[in-house]
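>>> Give me a model of this one.
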Amino acid sequence: MTFKIGFLVNPIAGIGGKKAWKGTDELDVAWDLFEEGEKYAFERVNKALESIASSLPLFFYFCGNPMGEDLVRSLSFDGKKVYSPEESRTSALNTKAACKIFLEKNIDLIIFVGGDGTARDVTSIVSDKIPVLGIPSGVKMFSGCFLYHPRDLGEILDEMVNGEIAYAPEDVLDVDEKLFRENRVQATLYGQLIVPQKVGLIQGGKISSSVTSAETYDSIAYELVDVHNVLDGLIVLGTGSTVYHIFKSLGVEKTLLGVDLLKDGKIQEKDIDEETLYQKTKQKDIKIILTPIGGQGFLLGRGNQQISSRVLKNANKFEFLIVSPEQKLGTIDILELDLDEPTSIPDISNGYIKVLTGFHRYTLTKINVQITD
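A predicted model of the protein is given here:
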């Protein structure tokens with residue numbers, strides 16, 4: 001029996017990641033960049049589609065360009081174009097219009113390419129009517145409907161076609177991007193989508209950290225200073241409240257949701273973009289402080305695309321320092337690095353990396369490195 005898929009792409013998803021945007025709400029600027037050749041979402045989805053076995057009995061209902069037609073046709077999938085956007089610069093209205101048509105076609109699954117904003121648009125039409133799967137391509141991906149990595153698509157489709165997978169509702173969250181840019185997180189639940197369940201393939205939603213004592217942050221900070229000398233030299237400070245609170249205890253006012261550059265204990269650049277970070281760290285020795293996303297485990301590739309493979313490969317030497325309160329680490333089965341190019345990570349040993357959880361306290365944690373080039 002043929003397995004029918006509705007397929008759509010948000011063409012400008014993820015374009016703002018390396019530029020330190022907190023999403024892709026600057027639509028005109030994002031479209032200018034897309035038309036100049038920046039096609040982050042297309043690069044991600046190519047790897048996803050290439051992972052699908054040609055033997056699977058699939059039929060794609062897809063959207064006209066720029067919402068995915070060329071991608072489907074280039075890989076010779078069986079399919080039919082069922083929606084053609086009138087605009088060359090598409091929007092949420094086009095995503096919603098496509099989803100309405102998909103529902104009329106009695107399909108088995110909607111696959112969308114984007115981030116939380118796109119998931120929110122899909123939810124407004126589809127809700128719990130049919131299963132949905134997101135290929136992670138946005139700046140923000142807190143919702144529970146996304147694959148861990150684009151290349152996982154083929155495996156999960158194989159199990160879906162063969163009836164070997166369960167389904168469950170997952171929350172769709174999005175944050176106010178205006179507040180996000182002001183260092184404030186206000187996530188809103190926009191509904192739920194029915195999502196295929198597969199441990200290790202579906203990332204699940206972000207789990208907010210429980211209340212962590214100031215003493216915990218202080219103890220991690222003491223170890224970073226006493227053992228790792230983070231107030232000397234060039235230090236890249238990753239995103240998130242854990243890193244924010246640790247360095248606040250050291251008197252460093254970093255941005256809550258941006259990547260900052262610290263030099264000899266003082267902020268050199270706040271909310272830095274990928275190009276500036278690359279130029280400032282090229283041929284330098286750097287340490288990179290990262291904390292995983294609670295529940296998901298991502299260290300790179302979600303909301304901190306500024307720390308790119310190019311930055312890592314062009315530093316003279318880099319060292320990862322992973323920090324997390326023990327209670328947050330307990331929500332994570334495996335840490336994830338989602339990189340855009342093959343990159344040697346010297347801090348990983350036999351598939352494990354050390355996570356600093358307190359003064360002289362470390363936990364060896366399993367880590368998976370995925371390349372989406």
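>>> residue ranges with poor pLDDT in the chain?
Within the chain, the stretches with pLDDT under 70 are 16, 20-26, 176-186, 206-211, 372-373.
>>> Show me where it has its helices.
Ranges of helices in the chain, per DSSP state H, are 27-35, 40-50, 69-74, 92-104, 116-126, 153-161, 177-181, 214-226, 241-248, 274-281, 309-314, 326-329.
>>> Now those helices in JSON lines, please, with extra columns for distance to Lys4 and mean neighbour count.
Placement of C-beta: from N, CA and C, glycine included. What follows is the helices of the chain, written out as JSON lines (distance: least, Cβ to Cβ, whole Å; neighbours: other Cβ atoms under 10 Å):
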{"stretch": "helix 27-35", "distance to Lys4": "29", "mean neighbour count": "16"}
{"stretch": "helix 40-50", "distance to Lys4": "16", "mean neighbour count": "21"}
{"stretch": "helix 69-74", "distance to Lys4": "13", "mean neighbour count": "17"}
{"stretch": "helix 92-104", "distance to Lys4": "9", "mean neighbour count": "19"}
{"stretch": "helix 116-126", "distance to Lys4": "14", "mean neighbour count": "23"}
{"stretch": "helix 153-161", "distance to Lys4": "11", "mean neighbour count": "18"}
{"stretch": "helix 177-181", "distance to Lys4": "34", "mean neighbour count": "17"}
{"stretch": "helix 214-226", "distance to Lys4": "50", "mean neighbour count": "18"}
{"stretch": "helix 241-248", "distance to Lys4": "42", "mean neighbour count": "22"}
{"stretch": "helix 274-281", "distance to Lys4": "39", "mean neighbour count": "18"}
{"stretch": "helix 309-314", "distance to Lys4": "36", "mean neighbour count": "18"}
{"stretch": "helix 326-329", "distance to Lys4": "40", "mean neighbour count": "18"}
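>>> between the ones you listed, which gets nearest to Phe142?
Closest of those to Phe142 is helix 116-126, at 5.8 Å (criterion: Cβ to Cβ).
>>> for the closest one, packing partners?
helix 92-104, strand 109-114, strand 132-136, strand 166-175, strand 187-197 (3 or more Cβ pairs under 8 Å, 6 or more residues apart in numbering; DSSP states H and E).
>>> Let's see that with 10 Å instead.
strand 3-9, helix 92-104, strand 109-114, strand 132-136, strand 166-175, strand 187-197 (3 or more Cβ pairs under 10 Å, 6 or more residues apart in numbering; DSSP states H and E).
>>> Contacts only, for Ile267.
For Ile267, the contacting residues are Ile235, Leu237, Phe247, Val252, Glu253, Lys254, Thr255, Asp260, Leu261, by Cβ atoms under 10 Å, 6 or more residues apart in numbering.
>>> Relative to Leu261, how far out is it?
Using Cβ to Cβ, to the nearest Å, Ile267 is found at 7 Å from Leu261.
>>> if we can go back for a sec, any chance of a markdown table for the helices of the chain, columns distance to Lys18?
Putting those into a markdown table (distance: least, Cβ to Cβ, whole Å) gives the following:
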| stretch | distance to Lys18 |
| --- | --- |
| helix 27-35 | 10 |
| helix 40-50 | 8 |
| helix 69-74 | 22 |
| helix 92-104 | 23 |
| helix 116-126 | 17 |
| helix 153-161 | 23 |
| helix 177-181 | 16 |
| helix 214-226 | 26 |
| helix 241-248 | 19 |
| helix 274-281 | 4 |
| helix 309-314 | 9 |
| helix 326-329 | 26 |
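>>> if we compare those helices, which one ends up closest to Arg302?
With Cβ to Cβ as the criterion, Arg302 lies closest to helix 116-126 of the helices of the chain, at 10.6 Å.
>>> Tell me what angle that closest one forms with helix 92-104.
Orientation of helix 116-126 against helix 92-104 (axes from the mean of the first three to the mean of the last three Cα atoms, to 10 degrees) gives an angle of 40 degrees.
>>> Return helix 116-126 as PDB; C-alpha atoms alone will do.
Listed next in PDB are the C-alpha coordinates belonging to helix 116-126 (Å, rounded to 0.1, in the frame of the first residue of the first chain):
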ATOM      1  CA  ASP A 116       9.200  26.300  15.900                       C
ATOM      2  CA  GLY A 117       7.500  29.100  13.900                       C
ATOM      3  CA  THR A 118       6.700  26.700  11.100                       C
ATOM      4  CA  ALA A 119       5.500  24.100  13.600                       C
ATOM      5  CA  ARG A 120       3.200  26.600  15.100                       C
ATOM      6  CA  ASP A 121       1.700  27.400  11.600                       C
ATOM      7  CA  VAL A 122       1.200  23.700  10.900                       C
ATOM      8  CA  THR A 123      -0.400  23.100  14.300                       C
ATOM      9  CA  SER A 124      -3.000  25.900  13.700                       C
ATOM     10  CA  ILE A 125      -4.400  23.800  10.800                       C
ATOM     11  CA  VAL A 126      -3.500  20.200  11.400                       C
END
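>>> for that helix, the distance to its chain's centre please.
Relative to the centre of its chain, helix 116-126 is centred 17 Å away, using Cα atoms, centre = their mean, to the nearest Å.
>>> Please apply the same query to stretch 241-252.
Shown here is stretch 241-252, whose average C-alpha point lies 23 Å from the average C-alpha point of the whole chain (Cα atoms, centre = their mean).
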